[in-house]
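**Q** Pasted the sequence and its predicted model underneath.
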Amino acid sequence: MSALPADCPTPTSVGTLLVRRTPLEMIPRSDWDRLLAVTAQPTPFSRWTVHRAWWDAYASTAHEQYLVCRRGGEAGEIVAIVPLMHRHEVEPEDAASFTPLRRPVEGTLVNPDATAVFMAASYHADYATILCRPEDLAEVCTAVVMSLAEHDRVTEPWDVIDLRRLRADDPALPALMAAFTDGPDDWTVTLEQEDVCPVVSLSEGGWEDYLASLDKKARHEIRRKVRRAEAAGDVVFREMPLTRDSMETFIELHQKRWGEDGLFPDTEGGERSRHFLLRLTELEGLEGAQAQLQLGQVLVGGRLIFAGVGFDDGTTCYFYNAGVEPDARDLSPGVTGTAAYLRDRMEAGRRRFDFLRGNEPYKYEWGALDEAIHRIVVSRIPR
């Protein structure tokens, strides 16, 4: 590993741990993957590929503040990676980077000019966590709080810590809350629900058993629309190679459906979203069998009507976004496409289908139940 840049702040020693801010490019990929594999609640959004692709697209909007925790000094083993970044709560260029499908954060209001510490790469991430073994979490979170307190007002001043996308069942959530609560007396700590992620829990039965578990009205509508599509031709779901062309096909259909309200309008924000996903496709394509990004297409009678982007970690399918052919309204491309994708994942043995952030009504028609994600906000009591 190369020497750290000269402007890296002095490390913080807490018990047996040494905490140092380290650029993403200086964190060994092998250590990242090793720690992700033992993390209590890992998701594809904590993969190195997602973070690398995000910074390649959004580096001008934030500053890296990844914290690496070693046990036993500078040459010790890396036992945790805490993915953080800092920026103003609202940056001047956010207006240009904004795309309408980005969900606004509700809850505690923070001064737009405040320098805030966030979970890294959270603009396009639906979940975030700390990479470490569960048994190390309490010690690591205490070390992180001490590091943030030590460098505050000196080398890395901040006005607020605004950690988002923390799952309700992630042990990192109570560990962080406990550490922040035991922090400096002039800090106030707030825990609030940020959003929900509707999730379908799938039984080991077949497709018809799943449909039978749905609300009667929803079941009837899904069957009616899928049968109408089947009458027009064979409904085929196909997983696509992780190539630029496959992602461009998704982007094209997404824009056909959403236009200026989508992720890829003809703006700086749309270009950054495009850059992020194309770069992620490139990086995940190099992962071979270890790739978790999934590009799918649904055809009816050989006609492309639906393209989707998701992640698959072998247990859960995360439905990230989709695009449909507006001229195929008679085939109900949204319902037909989602049904084909969900059915394919069921047959592949997946038992969870996660619709990710947002309580859009259509998600509940598939039997999804809300799972909360939380936000920790740390600020100071005025002296």
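**A** Received the coordinates, thanks.
**Q** hey, let's count contacts and neighbours off CA atoms from now on
**A** Will do.
**Q** Show me the contact partners of the helix or strand containing Gly337.
**A** Using DSSP states H and E, Gly337 sits in helix 333-347. Outside helix 333-347, the residues that touch it by Cα atoms under 8 Å, 6 or more residues apart in numbering are 202, 206-207, 222, 225-226, 229, 235-237, 296-298, 305-307, 317, 324-325, 353.
**Q** Any of the residues you listed buried? List them.
**A** By neighbour count, with 16 or more other Cα atoms under 10 Å, these hold 202, 207, 222, 225-226, 229, 235-237, 296-298, 305-307, 317, 324-325, 353 as buried.
**Q** Now the element after the helix holding Gly337, going C-ward?
**A** Counting by DSSP H and E, the next helix or strand C-terminal to helix 333-347 is strand 352-354.
**Q** For that following strand, give the mean pLDDT please.
**A** Mean pLDDT, computed over strand 352-354, is 97.
**Q** Tell me the helices and strands packed up against that strand.
**A** strand 187-201, strand 316-324 (3 or more Cα pairs under 8 Å, 6 or more residues apart in numbering; DSSP states H and E).
**Q** Give me the helix or strand of this structure that scores worst on average pLDDT.
**A** Least confident helix or strand, the chain: helix 94-97 with a mean of 62, by mean pLDDT, DSSP states H and E.
**Q** re the thing from before, need the helices and strands packed on strand 352-354 in JSON lines with distance to Arg345, can you?
**A** Shown next, in JSON lines, are the helices and strands packed on strand 352-354 (distance: least, Cα to Cα, whole Å):
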{"stretch": "strand 187-201", "distance to Arg345": "12"}
{"stretch": "strand 316-324", "distance to Arg345": "7"}
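**Q** Thr39: which of those is closest?
**A** Proximity to Thr39, assessed across the helices and strands packed on strand 352-354 by Cα to Cα, is greatest for strand 316-324 (15.9 Å).
**Q** buried set for that closest one?
**A** Thr316, Cys317, Tyr318, Phe319, Tyr320, Ala322, Gly323, Val324.
**Q** tell me the contacts of the third one?
**A** Going back to what we said before, that points to Tyr318. Listed by Cα under 8 Å, 6+ apart, the contact partners of Tyr318 are Gly310, Phe311, Asp312, Phe353, Asp354, Phe355, Leu356.
**Q** Tell me the pLDDT of the most centrally placed residue in the chain.
**A** Nearest to the mean C-alpha position of the chain, counting by Cα atoms, centre = their mean, stands Ala125 at 2.3 Å. Note on Ala125: pLDDT of 93.
**Q** what about it, which helix or strand?
**A** Applying DSSP H and E, one finds Ala125 in no helix or strand.
**Q** What of Asp113?
**A** Of the helices and strands defined by DSSP H and E, none includes Asp113.
**Q** My understanding was that it contacts His88; is that so?
**A** Yes - Asp113 is within contact range of His88, at 5.7 Å (criterion: Cα atoms under 8 Å).
**Q** higher neighbour count, these two?
**A** His88 (21 against 13; other Cα atoms under 10 Å).
**Q** ok, now which ones touch the residue nearest to that one when sequence neighbours are not counted?
**A** Nearest residue to His88, sequence neighbours excluded (Cα to Cα, 6 or more residues apart in numbering): Thr115, at 4.3 Å. Neighbouring residues of Thr115 by Cα under 8 Å, 6+ apart: His86, Arg87, His88, Glu89, Pro157, Trp158, Asp159, Val160.
**Q** how about Thr115, phi and psi?
**A** As for Thr115, its main-chain torsions (degrees, to the nearest 10) stand at phi -80, psi 120.
**Q** Next one: Pro11 relative to Asp136, how far apart?
**A** 19 Å (Cα to Cα, to the nearest Å).
**Q** Compare neighbour counts for these two and give me the winner.
**A** Neighbours were tallied for Pro11 and for Asp136 using other Cα under 10 Å; the higher tally belongs to Pro11 (20 against 13).
**Q** Excluding chain neighbours, what is closest to that one?
**A** That would be Arg20: by Cα to Cα, 6+ apart, it lies 4.4 Å from Pro11.
**Q** residues of stretch 357-364 that come out buried?
**A** Quick answer for stretch 357-364 (16+ other Cα under 10 Å): Arg357, Asn359, Lys363, Tyr364.
**Q** What strand or helix carries the third one?
**A** The one in question is Lys363. helix 361-364.
**Q** any idea of the mean pLDDT in that helix?
**A** Taken as a whole, helix 361-364 has a mean pLDDT of 96.
**Q** So what's the gap between it and the chain middle?
**A** Computed by Cα atoms, centre = their mean, to the nearest Å, the separation of helix 361-364 from the middle of its chain amounts to 20 Å.
**Q** The next helix or strand after it packs against which elements?
**A** Remark: after helix 361-364, the chain's next helix or strand is strand 369-380, criterion DSSP H and E. Packing partners of strand 369-380 (3+ Cα pairs under 8 Å, 6+ apart): strand 160-167, strand 187-201.
**Q** For Glu106, which of these is the nearest?
**A** Closest to Glu106 of those is strand 187-201 (Cα to Cα; 6.5 Å).
**Q** Figure out how far the helix or strand just after the closest one is from the centre of its chain.
**A** Downstream of strand 187-201, the next assigned helix or strand under DSSP H and E is helix 207-212. Remark: helix 207-212 is offset 29 Å from the chain centroid, using Cα atoms, centre = their mean.
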